[in-house]
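Asker: next input, structure requested:
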Amino acid sequence: MGASTQHNEKGLTIQELELCRLYCFGGREYAGDQSACYKKVYGSGEKPLTPASLWSIASRKFKLERVKETIKEMTDQLDEMWVKTQLKELASQSQKDSDKIRATELIGKTHAMFTDKVEMDAKIEDILVDYNE
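Answerer: Just a heads-up that it's a prediction; the model follows:
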């Protein structure tokens with residue numbers, strides 16, 4: 001198979017995956033700009049495309065379910081990393097001890113450090129219900 005037809009576990013081609021990465025992590029030049037990402041990954045072809053044509057072609061690619069799902073997963077990762085970074089900064093830089101403690105607690109909860117484990121041992125009797133009554 002050629003490089004453009006190889007697929008990952010979600011069915012994304014290498015180019016589609018790179019498109020998603022640029023869209024989410026591409027910095028000021030690419031992040032959030034479908035047309036710029038598309039042009040970077042796929043090029044503009046032999047003839048230059050008008051901005052409207054480029055946008056039209058790029059938006060079709062971004063409407064693919066596998067691309068939308070991957071972008072959502074990547075943006076969820078970004079959101080999670082941002083929250084953790086903010087909590088770490090608060091825990092280390094806050095002037096109030098209560099803020100430091102709360103931020104540290106929330107960081108611990110994101111790693112399930114304070115999960116209570118409950119074991120139950122119970123017997124359940126068979127219950128018969130007569131629906132004919």
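Asker: ranges for the helices of this structure?
Answerer: For the chain, helices defined by DSSP state H occupy the ranges 14-25, 27-30, 34-42, 51-62, 65-93, 97-110.
Asker: what's the local residue count around residue 12?
Answerer: Per other CB atoms under 10 Å, the neighbour tally for residue 12 reads 19. Placement of C-beta: from N, CA and C, glycine included.
Asker: any idea how far it is from residue 69?
Answerer: According to CB to CB, to the nearest Å, residue 12 stands 9 Å off from residue 69.
Asker: equivalent analysis for residue 56, please.
Answerer: 22 Å.
Asker: same check, this time on residue 25
Answerer: 17 Å.
Asker: same deal with residue 22?
Answerer: Distance from residue 22 to residue 69, counting by CB to CB: 17 Å.
Asker: who has more neighbours, those two?
Answerer: Comparing residue 22 with residue 69 by other CB under 10 Å, the one with more neighbours is residue 22, at 21 against 14.
Asker: any weak-confidence spans in the protein?
Answerer: Scanning the chain for pLDDT under 70 picks out the ranges 1-6, 125-127, 133.
Asker: again, 90 this time
Answerer: For the chain, applying pLDDT under 90 flags the ranges 1-11, 43-50, 78-88, 90-92, 94, 96-133.
Asker: give me the most central residue, it.
Answerer: residue 73 (2.0 Å; CA atoms, centre = their mean).
Asker: OK, contacts around it?
Answerer: The contact partners of residue 73, by CB atoms under 8 Å, 6 or more residues apart in numbering, come to none.
Asker: residue 31 is in contact with residue 20, isn't it?
Answerer: No - look at residue 31 against residue 20 with CB atoms under 8 Å: they stay out of range, at 11.2 Å.
Asker: more neighbours: which of the two?
Answerer: A count of neighbours by other CB under 10 Å puts residue 20 above the other of residue 31 and residue 20, at 26 against 15.
Asker: contact partners for that one?
Answerer: With the criterion set at CB under 8 Å, 6+ apart, residue 20 makes contact with 12, 67, 70-71, 74.
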